[in-house]
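# Need coordinates for the following:
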Amino acid sequence: MKHLLIPLLLSSLLCTAQQKQIAITIDDAPIMALPESYTPAQLKATNEKLLQKITALHTPVSIFINAANCITPERLQLLKQWVNNPLITLGSHTLNHSNCADLSIDSFKMEVMINDYIIRSVAKGKPVPYFRFPYNAMGKDSMAQALRLEYLKGKNYTAVPFTIESDDYMYETLYQDALKKKDKEKAKEVATAYIKYTLHCFTYFEQLTKELFGRDISQIYLCHVNQLNTDYYGELMKALQGRGYQFVSLEKAMQDKAYTTPVYYHQQYGFSWLFRWIPETDKRKQYLRNSPEPDIYNAYEALKAKK
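All right, here's what the predicted structure looks like:
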């Protein structure tokens, strides 16, 4: 019996060691940066349904909050639901979702301070350890970025990167358009394309990760509170589990030594840190050129032009 148990134990340990890890991060909770397309009832249903799915699947999630979008009693109540969920870790996303590359350092500090005050007044002692720059734009150059990061450090914030995203806001725009037209077939088509594109992004960035580090790292996935992610959260999470991912907290993911890698890109564009960790400019540009692009981009731009 011993001879059977030892190989089984070693096999189990090997599978555990090889399991990939991912932290799910959701921006613009509990309301999107552009909420006008949602009715109050739709907004309430979207938040509550997404929280129910997070709880049912037991996925740790970090959210990033723009408090200017949460000042009505109804929206504050939605924020409280996120705060009170034990699976949720809180983060700041500035007061107004401003592009920090366009802000003076004093304006940036004001955005952070007021947002911090509002969030903590709702959090009632729950920690708010994280900060994410809107559009992932940290500043216009290395000096501006260093000033902002130094300020955040003094406020006991950890600035949060991401490694993988999938342009969910584009797909959400087309998804909402289909739903408003009561075109269920088109909505399903958009959602299917979104899941397919997201998994394609994972394939690309997993390969890039191995080329940069020679191994899998703990990934950080960025998405947003919206109806598309709410309706298909379970399907996407199960697809990631099928790829061998274990869902972990942001704190655990950032313990991966990859996140101590120096950042070599100091301009304002908000792409993945996997690109920012590449020292050679030409090599970074080549990887960017080869990175996935959403197949619905033209449709998204055409719909946006109509509004």
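# can we go C-alpha only for contacts and neighbour counts from here?
Noted.
# Please identify the buried residues of stretch 94-104?
By neighbour count with 16 or more other Cα atoms under 10 Å, stretch 94-104 contains the buried residues 94-101.
# CA-only coordinates of that stretch in PDB, if you can.
The C-alpha trace of stretch 94-104 is given here as PDB (Å, rounded to 0.1, in the frame of the first residue of the first chain):
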ATOM      1  CA  THR A  94      -9.400  58.600  -7.700                       C
ATOM      2  CA  LEU A  95     -12.500  60.700  -7.000                       C
ATOM      3  CA  ASN A  96     -13.500  61.400 -10.600                       C
ATOM      4  CA  HIS A  97     -11.700  58.800 -12.700                       C
ATOM      5  CA  SER A  98      -9.400  61.500 -14.000                       C
ATOM      6  CA  ASN A  99      -6.500  60.700 -16.200                       C
ATOM      7  CA  CYS A 100      -3.600  61.400 -13.800                       C
ATOM      8  CA  ALA A 101      -1.200  62.200 -16.600                       C
ATOM      9  CA  ASP A 102      -3.200  65.300 -17.200                       C
ATOM     10  CA  LEU A 103      -3.400  66.400 -13.500                       C
ATOM     11  CA  SER A 104      -0.900  68.600 -11.600                       C
END
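# buried set for the helix or strand containing residue 207?
Assigned by DSSP states H and E, residue 207 belongs to helix 184-213. Of the residues in helix 184-213, 186-187, 190-191, 194-195, 197-202, 204-206, 208-209 count as buried by neighbour count, 16+ other Cα under 10 Å.
# ditto for stretch 42-49
Buried-residue list, stretch 42-49, by 16+ other Cα under 10 Å: 43-44, 46-49.
# Is residue 62 in a helix, a strand, or coil?
Assigned with DSSP: H, G, I helix; E, B strand; the rest coil, residue 62 falls in the strand class.
# In this structure it contacts residue 22, no?
No - at 11.8 Å, residue 62 does not count as touching residue 22 under the criterion of Cα atoms under 8 Å.
# Pull the distance from stretch 203-221 to the chain's centre.
Relative to its chain's centre, stretch 203-221 lies at 16 Å (Cα atoms, centre = their mean, to the nearest Å).
# contact partners of it?
Identification of contacts with stretch 203-221 by Cα atoms under 8 Å, 6 or more residues apart in numbering yields 20-25, 161-165, 250, 253-254, 256, 258, 274, 278, 291-292.
# gap between residue 141 and residue 266?
According to Cα to Cα, to the nearest Å, residue 141 stands 5 Å off from residue 266.
# Which members of the buried residues of stretch 94-104 are the farthest-apart pair?
The distance between the two most remote of the buried residues of stretch 94-104 (Cα to Cα) is 14.9 Å, for 95 and 101.
# Just give me the neighbour total for residue 270.
15 (other Cα atoms under 10 Å).
# which one of the buried residues of stretch 94-104 is nearest residue 78?
When the buried residues of stretch 94-104 are compared for distance to residue 78 (Cα to Cα), residue 95 comes out closest, at 16.8 Å.
# pLDDT value on the closest one, please?
Note on residue 95: pLDDT of 95.
# do you know how far it is from residue 296?
31 Å.
# Can you give me the distance of residue 220 to residue 136?
Taking Cα to Cα, one finds residue 220 at 13 Å from residue 136.
# same deal with residue 228?
From residue 228 across to residue 136, the span is 22 Å (Cα to Cα).
# Around residue 63, how many other residues sit close by?
Look at residue 63: counted by other Cα under 10 Å, it has 27 neighbours.
# pLDDT on stretch 211-228, on average?
97.
# start at 49 instead
Got it, first residue is 49 now, which makes that one stretch 259-276.
# in that stretch, what counts as buried?
Applying 16+ other Cα under 10 Å to stretch 259-276 flags 264-276 as buried.
# before we move on, what about stretch 316-332?
316, 319-326, 332.
# ok, now stretch 105-117?
Across stretch 105-117, burial judged by 16+ other Cα under 10 Å covers 107-117.
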